[in-house]
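Q: Okay, here's the prediction I keep looking at, along with the sequence it came from:
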Amino acid sequence: MRLRKARGLGRTMNYPGRLFIVEGTDGSGKSTQIYLLKRWLEDQGYPVFFTEWNSSELIKAANKKAKKKNLLTPTTFSLIHACDFADRYEKMMLPHLRAGYIVLADRYIYTAYARDMARGCDPDWVKNVYSFAVKPTISFYFQTPLDVSLERILSSRPQLKYHEAGLDLGLSTDPIESFKLFQGMIKNHYDDMIEEEHFFVVDATKSVEKQQQKVRKAVMEHLRDYVAPSVSQEEQRA
């Protein structure tokens, strides 16, 4: 059973930079795609800043310790990731957007919304927690069947991660079954956001090359009137 949705997430962006983000269930291939996009944009001479989910140095150690000891409730799980996002947003993403950079984010506020909803958090509460964040220029959603995602993950490592599989929720004692149930709920919430959040949907079962071609074409549509920051602007940001 799906929980009710909160109305749109994020506020309108009014900065000279561009914000391109990728979303999808674990194993969707989104990280590969944003890495390829980053390299390509840099090769084209664009100023790029990259950030990824759960990478704040301020929060990383506490988050890792809490997960290892299974100390997190759905609410504290949500809040600790919100702290990670807020720290990176205020210290890294926002300054670069203001300076005119192209900011690439591997996961954004929609990850929190989909995951926290799957864990039973109130959708309006989650929306309010992340209300300070701006809407991306493009939100790429890599749509993948769960069996494909699972196969990709297990082909790269021997077992599923505890929280990735939602084992802390008690959905099933079998990691694979729990993964399907938990990630299935996450996928449902992503799918529910497609229209309202204007996701740019990419069929993640296509070849890496075809996906990347589609991503680059969409990005370039939003860089036609883009003006790269001058040296003086970069110096001011620093």
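A: Sure thing, it's come through. Numbers count the residues shown, from 1 in each chain.
Q: Only C-alpha atoms from now on, for both contacts and neighbour counts.
A: Noted.
Q: can you pull the pLDDT of residue 3?
A: As predicted, residue 3 sits at a pLDDT of 37.
Q: what's the answer for residue 7, then?
A: Residue-level pLDDT assigned to residue 7 equals 49.
Q: What are the neighbouring residues in contact with residue 92?
A: The neighbours of residue 92, taking Cα atoms under 8 Å, 6 or more residues apart in numbering as the test, come to nothing; the list is empty.
Q: Check the secondary structure at it for me.
A: Three-state assignment for residue 92 (DSSP: H, G, I helix; E, B strand; the rest coil): helix.
Q: Tell me the pLDDT of it.
A: Confidence at residue 92, expressed as pLDDT, is 96.
Q: what does the one 10 residues further on give?
A: pLDDT recorded at residue 102 is 98.
Q: any idea how far residue 90 is from it?
A: With distances defined as Cα to Cα, to the nearest Å, the gap from residue 102 to residue 90 amounts to 16 Å.
Q: out of these two, which sits in the busier spot?
A: With other Cα atoms under 10 Å as the criterion, residue 102 and residue 90 differ in neighbour count, and residue 102 comes out ahead with 26 against 13.
Q: residue ranges of the helices in the chain, please?
A: Counting by DSSP state H, the chain has helices at residues 30-43, 60-68, 74-88, 94-98, 109-118, 123-129, 146-156, 175-193, 208-221, 231-237.
Q: So which of those helices is nearest residue 166?
A: Set against residue 166 and scored by Cα to Cα, these come closest in helix 175-193, at 5.5 Å.
Q: And the residue sitting nearest the centre point of the chain, how far from residue 227?
A: Taking Cα atoms, centre = their mean as the criterion, residue 107 is the residue nearest the geometric centre of the chain, at 1.2 Å. As defined by Cα to Cα, residue 107 lies at a distance of 25 Å from residue 227.
Q: so how many other residues sit close to residue 13?
A: Based on other Cα under 10 Å, the number of other residues close to residue 13 is 15.
Q: Kindly apply the preceding question to residue 221 instead.
A: Neighbour count for residue 221, taken as other Cα under 10 Å: 10.
Q: got it, and residue 147?
A: Number of residues near residue 147 (other Cα under 10 Å) recorded here: 10.
Q: The one 10 residues further on now?
A: For residue 157, the neighbour count with other Cα under 10 Å is 9.
Q: so where's this protein uncertain?
A: Along the chain, the model assigns pLDDT under 70 to residues 1-8, 231-238.
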